[in-house]
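> Whatever this is, show me its structure:
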Amino acid sequence: MAWQTPKTDWTSADGVVDADMNRIEGNIDYIENTTRTPNQTATPAASGPLASILNFFAAMIKKITGATNWYDTPATTLSAAKSHMDNTNNPHGVTAAQVGAVNKAGDTMTGALSIEPAGNASIELGRQDGTSSTPHIDFIQGLLL
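Residues are numbered from 1 along each chain as shown. I've put the predicted structure just below:
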């Protein structure tokens, strides 16, 4: 059934006749069953008519998923993305060299290294005389200087 302009000038003297009920029911059917295509490029806003809110949802879903259309299956789920972010077992196999870090064993580091544990103590590893020949360890506020 096609949309019919609703009666909006009701008075207390008006009665409801079959034509009024048919129009009301027909318009409800039209609202529920007419196919609509949301505008997935709509600019979201905090409020607006129902059709605009549905357009806003379509636009935001498209932006969130990065898909071509709002109804396309996303590349991943939020749950899978969270699980991947929480994975600390190096899922990409990144090496120390790739990120400019020192390997845990068998690597060389140049320059002085200062380690500052909790409290006032610190450990400095380097060359006391600034040369490359004399290793030196200072325990500041410790037993060895």
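> And the helices in the protein?
Under the criterion DSSP state H, the chain carries helices at the ranges 18-33, 50-65, 78-86.
> And the contacts of stretch 67-85?
Residues outside stretch 67-85 that contact it (C-beta atoms under 8 Å, 6 or more residues apart in numbering) are 38, 40, 57, 58, 59, 61, 62, 64, 65, 66, 91. Any C-beta I mention is one placed from the backbone N, CA and C, and that applies to glycine too.
> hmm, try it at 10 Å
By C-beta atoms under 10 Å, 6 or more residues apart in numbering, the list of residues contacting stretch 67-85 from outside reads 38-41, 55, 57-66, 91-92.
> Mind checking which of those are buried?
Burial by neighbour count, 16 or more other C-beta atoms under 10 Å: within the contacts of stretch 67-85 this picks out 38, 40, 55, 58, 59, 61, 62, 65.
> domain parsing for the protein?
Domain ranges of the chain: 18-75, 110-145, per automatic domain parsing.
> Those domains: lowest mean pLDDT?
Looking over the domains of the chain, mean pLDDT reaches its minimum on domain 110-145, with a mean of 59.
> Pull the contacting residues for residue 12.
Applying C-beta under 10 Å, 6+ apart, we find residue 12 in contact with no residue.
> Backbone torsions only: list them for it.
Its backbone dihedrals place residue 12 at phi -70, psi -20, with angles given as degrees, to the nearest 10.
> Now do it against residue 27, distance only.
23 Å (C-beta to C-beta, to the nearest Å).
> before we move on, what about residue 108?
If you measure residue 108 against residue 27 using C-beta to C-beta, the figure is 80 Å.
> which ones are touching the closest residue to residue 3 other than its chain neighbours?
On the basis of C-beta to C-beta, 6 or more residues apart in numbering, the spatially nearest residue to residue 3 that is not a chain neighbour turns out to be residue 30, at 4.9 Å. Residue 30 makes contacts with 1, 2, 3, 4, as judged by C-beta under 10 Å, 6+ apart.
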